[in-house]
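Visitor: below: sequence and its predicted model.
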Amino acid sequence: MKSLWDDNEAKKFQTDLDLRVYTSRLLGQDSSLVLHGGGNTSVKSTQTNLFGEVEDVLYVKGSGWDLATIEAEGFAPVKMDMLLKMSELKELDDTSMVKYQRLAMTNPSAPNPSVEAILHAIIPFKFVDHTHTDAVVTITNTENGEDKIKELYGPKVLIIPYIMPGFVLAKLIYDMTRDVNWDELEGMVLLNHGLFTFNDDAKKSYEKTIELVDIAELYLKNNGACSQPQEESSNIPALELAQIRSEVSALKGHATISILNDSNGAINFSKQNIENISQQGPLTPDHVIRTKRIPVILNENYKEELDNYVTSYKEYFEENKTDETLLNPAPNFAILKNNGTLSFGKNAKEANIIKDINDHTFEAILRAEKLCVYTALDAKSIFDVEYWELEQAKLKKAGSSLEFAGKVALVTGGASGIGLSIAKMLKAKGAAVVVLDINPAVETLFTSSDMLGIRCDLTSSGDIQYAINLAVQNFGGIDIVVSNAGIFTPSENLDSLSDDNWNKSMAINLTSHQKLIKYTAPFLKLGIDPTIIMVASKNFPAPGKGAAAYSVAKAGQTQLARLAALELGEFGVRVNTLHPHAVFDTAIWTPEVLASRAENYGMTVEEYKTNNVLKTEIKSDNVAQLVCSMAGSAFAKTTGAQVAIDGGSDRII
Ligand code: ZN
């Protein structure tokens, strides 16, 4: 492991707090040191208060911040004298600790200080770095892990037995260090938890972490942890993946994103003795709020295996509870025997966090098994962290659920124009969105983890099936299909209509929609409140001369939607159609095209754009809004309907 410290970069950071931000981010950048909000750092500094008095303060990572991206305002300033007094108390319950830590802050709008604030305060050095490093924890999570750590680091590292984080941990370390000569210590290893290093110099404290982790990594390497064999990818059919997601959503009581991990590491892990090694517990206790203590193993009868998991989770709860309330008993991830894993979340972000934690845990377990036997903390200790109110508070902070959270939408023709607006709005309302488009640019258009662009020729059955498979592997299933792709065709009257014009319009504006229904229907039947939304055209109810190729195809598409509504209704799939007209804020309507078209009708551009009963301009976002309404509860009892979005047409009304 290499230090990422850069003297030139570090020069930009002058104050204590700025330097703390810099080295915190260096730690946060390495996912083998901390993952998704894990770990915490602090710096002891001074502040001048309102009365001109200089006060000692601890800037400690605020709850809910991630070390990789932390800013100065992510650190809570807490008065040192108060924290030190708290460390001398015999007992302190969690609620009081949180309350008094907040009361001791010098900035009331700062985030809640880390639950480890008191522990940071009692370490008598300016900078304190705390990580949940894979390598060190891997060694502690083996039989005789403590002896191995002793052998590795000698007396320069203080070994702390496992205890719950928070006040009890601070208290234990306070007691254990009364007679310690801190200057002789380079760090502390917290068994089954992580590593602390400290120094009055930011660089030295950070690099001490790197140095100690490097020793652990070398030890693992010398003890047989080698690279893994090359594996094939998962061969579970997409429909089975969708079935699993459907069952898990039912158990969780809400739509759930399910992400397949068939990376080399995940497949390799799933081929091991998973009945044993996957059922021991997490690498470090704070993972439990994401992953639960253990996964479900899926092999033959998914439904039965999931039901059994729920039963045994309830038993685990009964065995360990005092006065807690049962959390949802469904699993947060599954191991598919020989076929990788699935991680479940209420959105793609949450499922991806679990996937990342899994990747690190699987590697650690396999490395620990090379040393001897992977041993996690006992179930009761894990339970205590899982049901610790301060841990659960972290999840609650993640925000309230959006309308389409956990749902998967598939939008065709979504690389630009109306389709892009629809895709973005569905995402903004919480859905994971798969966007298909013939334009290859779609593959690089989206960067967030809940949007996936796939190049797809919708006239090709093979392309559509490929895209559906990818969608299901990435998000678990399909709930909302927005069949939007289409082309405008050149204006030609029937007596001179070219075969090419006609055939092309039929292939794209009609047949592609039929293919999409055909191949998505089996997945929609397993979907959560599933729906198909057809983006047709006002050209169907009110055709115009010269538009036969386009209008006839759009009429066929509308008829297709009516049939789909009839055939899929018994499976709960709603199918509705919208007829947009004169949506001009798309790429094809350049100012020049608009100007010439308006001139043809003897209108100004403004008149042309608002040439409807309401005298209003219709934008892509208005269409997207209607699509979202149709996908949502407003249309829960409606199928087979057609709604115009055209500002009102006197030809149709
Ligand atoms: Zn920790």
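Guide: Now that the structure is in, tell me what you want to look at.

Visitor: from Ala242, how far off is Gly476?
Guide: Gly476 is 7 Å from Ala242, where distance means C-beta to C-beta, to the nearest Å. The way it works is simple: take the backbone N, C-alpha and C, and place the C-beta from them, glycine included.

Visitor: more neighbours: these two, which one.
Guide: Gly476 (33 against 25; other C-beta atoms under 10 Å).

Visitor: nearest residue to that one in space, please, no chain neighbours.
Guide: In this structure, Gly476 finds its nearest non-sequential neighbour in Ser258, 3.0 Å apart by C-beta to C-beta, 6 or more residues apart in numbering.

Visitor: now do the same for that neighbour: helix, strand or coil?
Guide: Following DSSP: H, G, I helix; E, B strand; the rest coil, Ser258 is assigned to strand.

Visitor: now the element after the helix or strand of the chain with the lowest mean pLDDT, going C-ward?
Guide: Scoring the helices and strands of the chain by mean pLDDT, DSSP states H and E places helix 389-397 at the bottom, with a mean of 71. Reading on from helix 389-397 to the C-terminus, the next helix or strand found by DSSP states H and E is strand 408-412.

Visitor: using PDB, write out the CA atom coordinates for that following strand.
Guide: Output in PDB follows, covering the C-alpha atoms of strand 408-412 (Å, rounded to 0.1, in the frame of the first residue of the first chain):
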ATOM      1  CA  VAL A 408     -37.100  -0.200 -12.800                       C
ATOM      2  CA  ALA A 409     -38.100   1.800 -15.900                       C
ATOM      3  CA  LEU A 410     -37.100   1.100 -19.500                       C
ATOM      4  CA  VAL A 411     -37.400   4.000 -21.900                       C
ATOM      5  CA  THR A 412     -36.800   3.600 -25.700                       C
END
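
Visitor: packing partners of that strand?
Guide: Other helices and strands packing on strand 408-412, by 3 or more C-beta pairs under 8 Å, 6 or more residues apart in numbering; DSSP states H and E, are helix 417-428, strand 432-437, helix 461-475, strand 480-483, helix 512-524.

Visitor: buried stuff in the host helix or strand of Lys314?
Guide: Using DSSP H and E, the element containing Lys314 is helix 302-320. For helix 302-320, burial by neighbour count (16 or more other C-beta atoms under 10 Å) applies to 302, 305-306, 309, 313, 316-317, 320.

Visitor: other SSEs contacting it?
Guide: In terms of contacts (3+ C-beta pairs under 8 Å, 6+ apart), helix 302-320 is packed against helix 238-252, strand 296-298, helix 379-386.

Visitor: out of the ones you listed, which gets nearest to Gly648?
Guide: helix 238-252 (39.8 Å; C-beta to C-beta).

Visitor: can you tell me which of the buried residues of helix 302-320 is nearest Leu92?
Guide: Among the buried residues of helix 302-320, and counting by C-beta to C-beta, the member closest to Leu92 is Asn320, at 23.1 Å.

Visitor: leaving out sequence neighbours, find the closest residue to the closest one.
Guide: Nearest to Asn320 is Phe383, by C-beta to C-beta, 6+ apart, at 3.9 Å.

Visitor: about what we covered before: so which of the helices and strands packed on strand 408-412 is nearest Ser234?
Guide: For these, the distance to Ser234 is smallest for helix 461-475, at 7.8 Å, taking C-beta to C-beta.

Visitor: what's that closest one in contact with?
Guide: 234, 238-239, 241-242, 257-260, 262, 348, 408, 410, 432, 434, 436, 452, 454, 456-458, 478, 515-516, 519-520, 523 (C-beta atoms under 8 Å, 6 or more residues apart in numbering).

Visitor: make a ChimeraX selection of whichever of these turn out to be buried.
Guide: The ChimeraX selection below is limited to those of these classed as buried (16+ other C-beta under 10 Å):
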select :234,238,241,242,257,258,259,260,262,348,408,410,432,434,436,452,454,456,457,458,478,515,516,519,520,523
